[in-house]
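Visitor: Okay, here's the prediction I keep looking at, along with the sequence it came from:
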Amino acid sequence: MKIVIVGGVAGGATAAARIRRLDEQAKIVVFERSGYISYANCGLPYYVGDVITDPEELTLQTPESFYERFRVDMKVHHEVTAIHPGKKTVSVRNMETGESFEENYDKLILSPGAKPTQPRLPGVGIDRLFTLRTVEDTFRIKEYINKNHPKSAVLAGGGFIGLELAENLRELGMDVTIVQRPKQLMNPFDADMASFIHNEMRRHGVRLALGHTVEGFEEKGNGVDVLLKDEAPLHADMVVLAIGVTPDTSLAKEAGLELGMKGSIIVNDRMETSIQDIYAAGDAVQVKHYVTGEDALISLAGPANKQGRIIADNICGGDSHYLGSQGSSVIKVFDMTAANTGINETNARKAGLDVDTVILSPMSHAGYYPDGKIMTMKVVFEKGSCRLLGAQIVGYEGVDKRIDVLAVAIHARMKADRLKELDLAYAPPYSSAKDPVNMAGFMIDNIFRGTLKQWHLKDVDSLPHDGSVTLLDVRTRGEYERGHIAGFRNIPVDELREHLDKVERGKRVYVICQSGLRSYIASRILEGNGYEAYNFSGGFRFYDAVMNDRCLIERAAACGMDQG
C-alpha cells in the first residue's frame, strides 16, 4: 500500500508516524512545500521575541530524522499542484529544481492547513507588511527586526497570533498597537471576560485600537501607514497581518472534493472526504462542534493531531471516529493566563440555547498559603437540562489545571451541577479543599435548587431607581466609599441582621459585594427573613473591570486611540 500525504506539519506528520507504527510495509511519501516539517506553529512568536533562541528548537523533526526513525520519505520544497482522483495520482513540482512529475497513491491524505487571511486591500504585499504562518515567515520577521531595529509595530488582528506577537515584540522593547474591527480581543471569550485580557495588555503598554476598520496600507517614509476608515492612519516601522486564517483548499476544490464553510473540506467522522480513498485533517477541514453539533472551523493543533491519528487507524484497517472539536485552548498574556473550552455565552445564545452562567473569583490555592492569586471563572450551562456547555478562565496560577478539568467534564457530558462531586487533588500550595471547579458546581447546584437567584451585568442598566426595588451593597464601608454602583446603599453583611428594619419588606432586593460570596451570604440572610433576594454574578470587582474596559474602548472610538 502506498500513501501520499500533502502537508508535513501537525496532521500530516502524525498520520505518517502512526501509519508506520501500524504497518511496517507501507510506502509513505509526504510532500511539504515549505522547508520544514513537524514544526511548532505555536512556538513561532516566541522565536521572534527571543524566548526560543535556537531555530532548531522550532522543528520537532527534520526530514532526515523522520526518515531514520519511521522510513517515511519527507520531500520538502515540493508543492502538490493538482490531484487526479480518477488516475489516483498527484502532480508535484520540485520548488528547488522546477521539475514536475506525477506520484501515484493508493490512499491520499490532505493536510494543507490554513493560510493567513489576506484581505484585498491596497498595499497588501509591501515590504514591511508580514504574515506569520511558517518557519520561513518567522525567519523573515526576525531578520527584519535584527537588521532594521524597528521601534514600533502595528498588529492587525487580536487573536492568538496577534496577542502572542504583541507580547514578544513588547519584550523586545517595541511600541505595539493592535487594531481590529471587533471591539474585543480573543473571540473565543465573551466580551466581559475579554476585559481582563485587555487590561493586562494595557498594563504592559500595548495600545488597543478596537472597533476600527483597516482599509489599506501605504509605505510612508521608513515605515507603514495603516489606513483606517474615518480615522487618522496608524504609523509604524512594521505591520503584521494576524486577522485570522482561511482553509488552504484550492487543491481540493480543483479536484472536485465537496467543500463547506469558507471553502473547507467536508469530511465524515472517519475523516474521509467525498472522494473515495482521499482523507483530510487539520485546519483545512470542516468539523462538528462537540458541544453544539453544528459545523465549525477550529484551527488548533490538538484536533489536527487527533485527526491525523484517526486517518492512520482507518487506512490501516481500523475503525476510528472523530467525535468533534471542543475548542479547548490556553494562551499566555504577559503575566496572565487565559483559557477556554466549549462554547461561550455569546455563541450559546446565537445557537438558540437557553443558558445561564456563574462567575466566581476564587484563589489559585488556599488563601492562608502565601502568594495565592485570584482567577476569574465563567461557566456556561443550559438552564433546563443543566448541561455543561463551556467555561472561560483568566488569572495567573492554576488556570490551565482548572480549564482541563472542565474540558474533561464537558467531554464526558457531565451535568454542570455535578462539578461539585469531583474529587480533586488538594494541598495548600496547589488548591483549596473546595477547588474552584467544585465551587462552580456548588453555585450551579444552588441555582437549580432555588437556593441562589442571580442578576447579571446585562441587568444593571434596567434596574429601576424609583424605589420599587432595594439596591444593596454589602461590602465594608471602606470598599463602598472607594467605588460603588450609583443607587446602591451600603449595609455591610456582618451588620445586616441588626439593620433589617432598614430594608423595606415586599420589595425585591438586588445585592452586590466584591466577589459574589458575601452578597450570597447576605441574600441567604434576607431569604431566611422573608425577603426575595438576587445576588450579583461576579461581584463589584468584575463589574468594575468590565465597565472600565468598555469606557476605554468607547473613549478610544471617540478619540482614535486607546492609550493604555
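Guide: Thanks, I have the structure now.

Visitor: All the strands of the stretch 151-300 of the chain, residue numbers only.
Guide: Here the stretch 151-300 of the chain has its strands, by DSSP state E, counting those that start in this stretch, at 152-156, 175-180, 207-210, 214-220, 223-228, 231-236, 238-241, 245-247, 265-266, 278-280, 285-288, 295-296.

Visitor: And for the stretch 1-150 of the chain?
Guide: 2-6, 27-32, 73-76, 78-84, 89-94, 100-104, 107-110, 114-116, 129-131.

Visitor: neighbouring strands for the last one, and are they parallel or not?
Guide: The reference is to strand 129-131. strand 238-241 (parallel) (DSSP bridges).

Visitor: and the strand it pairs with, average pLDDT?
Guide: The average pLDDT within strand 238-241 is 95.

Visitor: Stretch 314-325 now?
Guide: Stretch 314-325 comes out at a mean pLDDT of 97.

Visitor: all numbers from here: first residue = 555
Guide: In the new numbering, first residue 555, that becomes stretch 868-879.

Visitor: mind listing what's buried in that stretch?
Guide: 868-870, 874, 876, 878-879 (16 or more other C-beta atoms under 10 Å). Backbone N, C-alpha and C define where each C-beta goes, glycine included.

Visitor: Quick one: end-to-end length of that stretch, please.
Guide: Taking C-alpha to C-alpha, to the nearest Å, stretch 868-879 runs 19 Å from one end to the other.

Visitor: what separates it from the chain centre, distance-wise?
Guide: 26 Å (C-alpha atoms, centre = their mean, to the nearest Å).

Visitor: residues making contact with it?
Guide: With C-beta atoms under 8 Å, 6 or more residues apart in numbering as the test, stretch 868-879 has contacts from 555, 557, 573, 576-577, 580, 661, 663, 823-826, 833, 841-844, 847, 850, 852, 854, 857, 860-861, 863-864, 867.

Visitor: Distance of the nearest residue to Y980 once chain neighbours are set aside relative to A994?
Guide: Spatial nearest neighbour of Y980, excluding adjacent residues (C-beta to C-beta, 6 or more residues apart in numbering): A987 at 5.4 Å. With distances taken as C-beta to C-beta, to the nearest Å, A987 is found 15 Å from A994.

Visitor: the more surrounded of those two?
Guide: A994 (28 against 10; other C-beta atoms under 10 Å).

Visitor: just checking, that one is part of a helix?
Guide: Yes - A994: assigned to a helix according to DSSP: H, G, I helix; E, B strand; the rest coil.

Visitor: Turn the strands of the stretch 555-704 of the chain into JSON lines, columns for distance to T692, mean pLDDT and mean neighbour count.
Guide: Below are the strands of the stretch 555-704 of the chain laid out as JSON lines (distance: least, C-beta to C-beta, whole Å; pLDDT from 0 to 100; neighbours: other C-beta atoms under 10 Å):
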{"stretch": "strand 556-560", "distance to T692": "22", "mean pLDDT": "98", "mean neighbour count": "25"}
{"stretch": "strand 581-586", "distance to T692": "16", "mean pLDDT": "97", "mean neighbour count": "22"}
{"stretch": "strand 627-630", "distance to T692": "16", "mean pLDDT": "95", "mean neighbour count": "19"}
{"stretch": "strand 632-638", "distance to T692": "20", "mean pLDDT": "97", "mean neighbour count": "18"}
{"stretch": "strand 643-648", "distance to T692": "24", "mean pLDDT": "98", "mean neighbour count": "18"}
{"stretch": "strand 654-658", "distance to T692": "29", "mean pLDDT": "97", "mean neighbour count": "13"}
{"stretch": "strand 661-664", "distance to T692": "24", "mean pLDDT": "98", "mean neighbour count": "28"}
{"stretch": "strand 668-670", "distance to T692": "13", "mean pLDDT": "86", "mean neighbour count": "19"}
{"stretch": "strand 683-685", "distance to T692": "10", "mean pLDDT": "92", "mean neighbour count": "19"}
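
Visitor: These: which one's closest to A1099?
Guide: Ranking the strands of the stretch 555-704 of the chain by proximity to A1099 (C-beta to C-beta) places strand 668-670 first, at 31.8 Å.

Visitor: So in that sheet, which strands flank that closest one, and in what orientation?
Guide: strand 799-801 (antiparallel).

Visitor: The strand it pairs with - what's its average pLDDT?
Guide: The pLDDT scores in strand 799-801 average 90.

Visitor: most residues in a single helix of the protein, which one?
Guide: Looking across the chain with DSSP state H, the single longest helix is helix 1093-1113.

Visitor: what distance separates it from the middle of the whole chain?
Guide: On C-alpha atoms, centre = their mean, the centre of helix 1093-1113 falls 22 Å from that of its chain.

Visitor: In terms of helix, strand or coil, where does the residue with the largest distance to the centre of the chain fall?
Guide: Most distant from the centre of the chain: D1055, at 48.7 Å, with distances by C-alpha atoms, centre = their mean. At D1055 the chain is in helix, as set by three-state DSSP.

Visitor: Please name whichever of the strands of the stretch 705-854 of the chain is nearest to F888.
Guide: strand 729-734 (11.5 Å).

Visitor: Can you tell me what sits against the closest one?
Guide: 705-712, 716-717, 720, 723-724, 739, 755, 759-764, 766, 768, 780, 782, 788, 790, 797, 1115.

Visitor: Now restrict those to buried residues only.
Guide: Buried residues within the contacts of strand 729-734, defined by neighbour count using 16+ other C-beta under 10 Å: 706-712, 716-717, 720, 723-724, 739, 755, 760-764, 766, 768, 780, 782, 788, 790, 797, 1115.

Visitor: returning to that earlier point: buried among the contacts of stretch 868-879? Need that as a selection in ChimeraX.
Guide: The buried residues among the contacts of stretch 868-879 can be selected in ChimeraX (16+ other C-beta under 10 Å) with this line:
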select :557,573,577,580,661,663,824,825,826,833,841,842,843,844,850,852,854,857,860,861,863,864,867
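
Visitor: you'd agree E812 is up against T827?
Guide: Yes - contact criterion C-beta atoms under 8 Å: E812 and T827 qualify, at 7.1 Å.

Visitor: What count of nearby residues applies to E578?
Guide: Using other C-beta under 10 Å, E578 has 8 other residues around it.

Visitor: can you map out the strands along the stretch 855-1004 of the chain?
Guide: Taking DSSP E, counting those that start in this stretch, the strands of the stretch 855-1004 of the chain run over residues 883-887, 890-896, 909-914, 930-936, 942-949.

Visitor: which secondary structure elements does the fourth one contact?
Guide: What that stands for is strand 930-936. Judged by 3 or more C-beta pairs under 8 Å, 6 or more residues apart in numbering; DSSP states H and E, strand 930-936 is in contact with helix 745-757, helix 899-904, strand 909-914, strand 942-949, helix 990-1003.
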